[in-house]
Each structure stands twice: as structure tokens, then as C-alpha cells.
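K.L.:
coords please:
(chains A and B)
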Amino acid sequence: MRTTRRRRLRVEPLVLLGPGLAYLLVFLVVPLGLVLSYTVFQRGRFGGIVYEATAENFTRVADPLYLDVLLHSVKIAGITTLLALALGYPTAYVIAKLPAKWKTLALIAVVLPFWTNFLIRTYAWIVLLNSQGVVNSALGDLGLIDEPLQLLYTDGAIVIGLLYAYLPLMVLPLYSAIERLDPQLGEASANLGAGPVRTFLSVTLPLTLPGVLTGCVFVFVPSLGNFVIPELLGGGHSVMVGNLVRDQFLKARDWPFGSVLALTLIAVLVLLLMAQAWAARRFSGEGDRA
Amino acid sequence: MRSRWAFAPFWLTYLFLYAPIAVLVVMSFNAADTPYTWGGFSTHWYGELASDTKIREGLVNTLIVATGSTVLATVLGTLLAVGMARYTRSKVLGALATLPAILPDLVLAIGLLAFYSAIQATLGLHSVLAAHTVFGMAFVATVVRTRLTHADLSLEEASRDLGAGAFTTFVRITLPGLMPGIVAGALLAFTLSIDEFVIAFFTAGPKDPTLPIVIYSMVRFGVTPEINALATVLLAVSFTAVILVQRVTRLTDSLR
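P.N.:
Numbers count the residues shown, from 1 in each chain, chains lettered A, B, ... in the order given. Coordinates of the predicted model:
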């Protein structure tokens, strides 16, 4: 009896943990390790990797050509994130104050579009923003414009596409942060003579800051790495870092340089997650799990 | 604060989210050749869609990948979640198990492409299936783990005390208790796989594109109401799936 029990103790963890961890090792750790190692090697003349160490891939990122793309991507992803916050915060606030029955419905309605194909959602904006599209014909019918506006293939179109794709990811963490707020805090602040603006700035906002940061990470990170929306709505005029990575891997076949560019995406992700973890500790005394 | 204007962003959000979808659906019943101007009601484009072999092949490929990766991800993810809850509190392992869910898809995509090329694997449906299993497993493990934190361990102990072996206890006590979480995780993995484009784009062979890859080349090529018809069908399927997941999770909440 005793021996079987002891043997079971050793076999069970292996059966339960083994397959999953082995799979993660082969299909996650090794691939990421490969990409990481490629950053210090040279590209072969016909693609592929030459295993000779070099720092050239890193110095190339500092080239104004690529630096511009990086900064431009950060700018577009940043504007998208700010717009998502401006639209998402009041929306999440209203949802959190709704009666329970409507709350669930409102939340499902925010998430629903997120579960439809992402390419289809982007396609919808091609149809809407095209020079013959719904937006232009509506503006024309209203007599606001004589000539169709160039809406598609602009940075604005990219921002709208990204906002449309990732807005639900902003609303959900904000909702859970606002929902947890004690309404008595707001009342106390008002009783002590603070106006609504003061109450918001010194009570509501600091307490929901971890949720704000989670939402910003959820929107900023995928926006920065996206290559489909810039290609379809930006029309190839304005390249983002995601397009660069894609092109280095599938067209130029310069995998070492593509890996360095991808590394910048990971670095941004890590930095933002660290900032978010710090804020969660600093402002709520517990981790924010949205 | 209590003024009517406080609700403006709330309504604006829903208008922003649903107006494009409404336009897509309405224009799918358009008789005209473009989704820009209304030419009368017609289901013509649904007929075009039904006879489009590329889309049908893409759909079949997508269903193969989604089904296969969901089965794999559900088995691996569930075992992993139970194993981690029982045997380890390692934060590194916990982070590793959720990493595929938060990693930018492009990074996972190039990693897997580099890996497949390093082991000189031929690309095809199997390579997409294996790739989708990675993130599917992360989502299944996460969902099952949240259920495990509420799990009642006394039932498992009772089962063992009454003489049931580890396997019997796992199949007859542990799994049924976790089933709602497993089903929700599996549905999540399935939906995500069906919609996934970036990783499939990097790891699919040129001969068997999944449906999102077919859609991508259609959208790049130009705008046709056939895509609207396809969009409407996919929307209907996705919406049904989400409502299904919602029902399953709400059912389990009410049982608790």
C-alpha cells in the first residue's frame, strides 16, 4: 500500500504537467529562443542565418529610416490608446452604474464585435471610408462637402481601424476597476466639499489607475504590432513596425534584423507590464486582475 | 455629472461598434455590384458565396485546424491547469503557461516560422494546427485554473479514502467538477482559432490557406459584396458562439 502510494506521487505530476510543459517548451520556448538568438547573427546571402556574431542588426535600428517608422508606430498606437481611453472610461463608468440586468447586456454588447473576424471588421472600414463610401456620401448628401474627402489610406484611417479592433480591451479592465470602487468614497468626498471634478481627480481616478493602465497596455501592445490594419487602411503609404517585421521575415528574408525589430515589440510589452504591476501595487495595494 | 451629456460617450461607443456591422449586413443583401450604393434587395451574393470553391476550401481547412487544435489544447491545457494547481506554485511556470495568450501574435508567428524552418518542417495544415494549439492551450489552462481556485477538494479526498485510484478519481470527480470551465475554455480556443490570421499567415503552406487567409487576399484584391455576405454569415456564427459561451458560464454560476 505504502509503495504504490509513493510511486503514484511521482508519476502523477509527470502525467499532469509533462505533456503541457513539453509542448510549451517545443512550441514556445524554443521558437522564442531562436528569434532571440537570431538578433546577434548575420543574414545569409539568400536568406537564412549565418552563425557569426554581429551587433550590426542593433545599430541598424538606430538608422533614421527605421527610427522614424518606430516613432511613427508609437505615435499611432499612442493616439489610438488615448482615444480608446477617452471613449472607454466614460462608457465603462456608465456601465458600472447600470442596474445589474442591463449591466450584463451592456458588457456582452461591448465584447460581441470583438469576437467577429478581425479582417472583416477592418474590411467594414474600407467600405465606410472609401471615397464612394457611406461616410463620404452621407457628408455629401448633407451638403457639408462638395468633393469626397480622402479618408481611406491615411493615418487617421489606421487609428480608426485600430480603435475599432481593440476598444473592447480598454472597456473591460476599466469596468472591473470602476465596479470595485466603494461609492461611499465619492459621497465622503462630496460631503467634505469637493466638487465633482475634484472628486474625480483625487478619488476616482487614482483608485482606478491600475485598470486604466491595464486597458492602455491591452490596446497599445496589439496596436503597435499590427501589420494588417496599416496595410489595408493605410494603403502602404505609412508603414508601421509590424509591417517592417513582416517584410523582413517574408519578403527581404533578413531574419536577424526582423528579430531585432520584433524584440522592440517585446521590450515595449515588458516595460508596460512592469509599469502596470508597479501602479497596481502603488495605488490599490493588490494586483489588478482584469 | 448627472446631466444627459454624461451618457454621450456611452452611446457613441455603441454607435461606433455597431454602425459598421449594420452597414456590412445591410449591404450584403444589395443587388448592385458594389457595397457602396444600394441597388435593391437580393440574396445574389449569398449564392455567389455558396458556390465559391476557394472560400469552401478555406472554411474546411479552418475547421480542420480549429477542431484539431481545440482538442489538443483542451487536453493539454486541462492537465496542465490541474497539475499546476496541485504540484507547483512556481510563478515562472504560471507566467509561461499564460505567455502565449498575452504575447503579440506577430512575435509568436515569426518564432514558429523560425522554428519550423530550423527543423526543416514542411508547412501545411499540421503546422498551423500545432501553432494554434500553443495559444489555445494557454487560454484553456487560464480558464480552468480560475475554476480550480473555487474547487472543493473534499470530494476528491473522499473518493480516494473510499478506495478509488488516482485515475478513477480524476475522471469521475475532478473532470466533471471542472467541466464548465473546460467547455468554456474549449469554445474560446475554437473561436480564437477560427478567427486567427497572423500566426496562420506565417505558418500555413501556400497550398492550404485557412479562411482568414482567403479573406485577407480577397480584401486586398478589392471590395465586393460577396465579402459582405461572408461577413454576415461569420457574424451570425460568432454571435451564436458567444451567446453559447455566455449561457454555459451563467449556468455554472447559478449552480454555484
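K.L.:
Just the element for residue 72, please.
P.N.:
Just going to use chain A. A:His72 is part of helix A:64-96 when elements are defined by DSSP states H and E.
K.L.:
hmm, I had chain B in mind actually
P.N.:
B:Leu72 belongs to helix B:53-87 when assigned by DSSP H and E.
K.L.:
average pLDDT across that helix?
P.N.:
Across helix B:53-87, the average pLDDT comes to 91.
K.L.:
swap in stretch A:68-87?
P.N.:
When pLDDT is averaged over stretch A:68-87, the result is 92.
K.L.:
Okay, helices next: where are they in the chain?
P.N.:
Since you didn't name a chain, this refers to chain A. According to DSSP state H, chain A carries its helices in the segments A:2-24, A:30-38, A:56-61, A:64-96, A:100-111, A:118-129, A:134-141, A:155-179, A:183-191, A:196-199, A:205-225, A:228-233, A:241-250, A:255-284.
K.L.:
I was after chain B.
P.N.:
Using DSSP H, helices in chain B cover B:8-27, B:44-50, B:53-87, B:91-102, B:105-118, B:125-148, B:153-161, B:166-169, B:175-195, B:198-203, B:211-221, B:225-255.
K.L.:
Tell me what angle the longest one forms with helix B:91-102.
P.N.:
Same thing as helix B:53-87. Orientation of helix B:53-87 against helix B:91-102 (axes from the mean of the first three to the mean of the last three CA atoms, to 10 degrees) gives an angle of 160 degrees.
K.L.:
Show me what helix B:53-87 is packed up against.
P.N.:
The helices and strands touching helix B:53-87, judged by 3 or more CB pairs under 8 Å, 6 or more residues apart in numbering or on different chains; DSSP states H and E, are helix A:2-24, helix B:91-102, helix B:125-148, helix B:175-195, helix B:211-221. Quick note: C-beta positions are derived from backbone N, CA and C, even for glycine.
K.L.:
nearest to A:Leu71, of those helices?
P.N.:
Proximity to A:Leu71 (CB to CB) singles out helix B:91-102 among the helices and strands packed on helix B:53-87, at 24.4 Å.
K.L.:
Which parts of the helix holding A:His72 count as buried, going by neighbours?
P.N.:
Along helix A:64-96, the positions that meet the burial threshold by neighbour count (16 or more other CB atoms under 10 Å in any protein chain shown) are A:66, A:69-70, A:72-74, A:76-81, A:83-85, A:87-96.
K.L.:
circling back: want to try CSV for the helices of chain B, with mean neighbour count as columns?
P.N.:
Formatted as CSV, these follow (neighbours: other CB atoms under 10 Å in any protein chain shown):
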stretch, mean neighbour count
helix B:8-27, 17
helix B:44-50, 16
helix B:53-87, 20
helix B:91-102, 16
helix B:105-118, 23
helix B:125-148, 24
helix B:153-161, 13
helix B:166-169, 15
helix B:175-195, 21
helix B:198-203, 24
helix B:211-221, 19
helix B:225-255, 17
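K.L.:
need the least confident one among those helices, by mean pLDDT.
P.N.:
Among these, helix B:225-255 scores lowest, at a mean of 77.
K.L.:
What is that one packed up against?
P.N.:
Using 3+ CB pairs under 8 Å, 6+ apart, the elements in contact with helix B:225-255 are helix A:100-111, helix A:118-129, helix B:8-27, helix B:44-50, helix B:175-195, helix B:211-221.
K.L.:
and stretch B:40-52, is it in reach of chain A?
P.N.:
No. Stretch B:40-52 stays clear of chain A (CB under 8 Å from any CB of the partner chain), getting no nearer than 13.1 Å.
K.L.:
Show me the contact partners of that stretch.
P.N.:
The contact list for stretch B:40-52, computed with CB atoms under 8 Å, 6 or more residues apart in numbering or on different chains, reads B:28-32, B:55, B:224-226, B:228-230, B:233.
K.L.:
now do the same end-to-end measure for stretch B:198-208.
P.N.:
Using CA to CA, to the nearest Å, the end-to-end distance of stretch B:198-208 comes to 15 Å.
K.L.:
what's the distance between A:Glu231 and B:Ala101?
P.N.:
25 Å (CB to CB, to the nearest Å).
K.L.:
Contacts (any at all) between chain B and the helix holding A:His72?
P.N.:
Yes. Helix A:64-96 comes into contact with chain B (CB under 8 Å from any CB), by way of A:Ala86, A:Leu87, A:Gly88, A:Tyr89, A:Pro90, A:Thr91, A:Val94, A:Ile95.
K.L.:
Quick check: pLDDT value at the nearest residue in space to the third one that is not next to it in sequence.
P.N.:
Yep, that's A:Gly88 we're talking about. Spatially, and ignoring its direct neighbours in sequence, A:Gly88 is nearest to A:Met170 (3.7 Å; CB to CB, 6 or more residues apart in numbering or on different chains). Looking at A:Met170, its pLDDT is 91.
K.L.:
do the same with A:Val239
P.N.:
Predicted confidence (pLDDT) for A:Val239: 79.
K.L.:
Provide a list of residues in contact with it.
P.N.:
Counting by CB under 8 Å, 6+ apart, the residues that A:Val239 touches are A:Val69, A:His72, A:Pro230.
K.L.:
Repeat that for B:Gly185.
P.N.:
B:Thr74, B:Gly77, B:Thr78, B:Phe139, B:Val140, B:Ala141, B:Thr142, B:Val143, B:Val144.
K.L.:
Tally up the residues packed near the residue nearest to A:Gly88, please.
P.N.:
Residues lying near A:Met170 (other CB atoms under 10 Å in any protein chain shown) number 32.
K.L.:
contacting residues for the residue lying closest to A:Tyr38 once chain neighbours are set aside?
P.N.:
Nearest in space to A:Tyr38, with sequence neighbours left out and distances taken as CB to CB, 6+ apart, is A:Ser259 at 4.0 Å. Listed by CB under 8 Å, 6+ apart, the contact partners of A:Ser259 are A:Val35, A:Leu36, A:Tyr38, A:Thr39, A:Asn57, B:Ile110, B:Ala114.
K.L.:
Check the contacts of B:Gly185 and tell me the two furthest apart.
P.N.:
Greatest spacing in the contacts of B:Gly185, by CB to CB: B:Thr74 and B:Thr142 (12.7 Å).
K.L.:
near chain B, which residues of the stretch 51-200 of chain A?
P.N.:
So far as CB under 8 Å from any CB goes, the stretch 51-200 of chain A lies against chain B at A:86-91, A:94-95, A:108-113, A:115-128, A:130, A:132-134, A:137, A:163-164, A:167-168, A:171, A:196.
K.L.:
rewinding a little: among the contacts of stretch B:40-52, which one lies nearest to B:Leu153?
P.N.:
The shortest approach to B:Leu153 among the contacts of stretch B:40-52 belongs to B:Val233, at 45.2 Å (CB to CB).
K.L.:
which residues touch that closest one?
P.N.:
Per CB under 8 Å, 6+ apart, neighbours of B:Val233: B:Tyr46, B:Leu49.
K.L.:
one more time with 6 Å
P.N.:
Residues counted as contacts of B:Val233 (CB atoms under 6 Å, 6 or more residues apart in numbering or on different chains): none.
K.L.:
Please report how far it lies from B:Gly222.
P.N.:
Distance of B:Val233 to B:Gly222, computed by CB to CB: 20 Å.
K.L.:
and if you look at A:Ala84?
P.N.:
Taken as CB to CB, the span from A:Ala84 to B:Gly222 is 30 Å.
K.L.:
Spell out for me which residue occupies the centre of chain B.
P.N.:
By CA atoms, centre = their mean, chain B has its centre lying nearest to B:Leu192, at 1.8 Å.
K.L.:
can you give me the offset of stretch A:53-64 from its chain's centre?
P.N.:
26 Å (CA atoms, centre = their mean, to the nearest Å).
K.L.:
ok, now stretch A:191-207?
P.N.:
The chain centre lies 29 Å from the centre of stretch A:191-207; the measure is CA atoms, centre = their mean.
K.L.:
what do you get for stretch B:95-115?
P.N.:
Chain-centre distance of stretch B:95-115: 16 Å, with CA atoms, centre = their mean.
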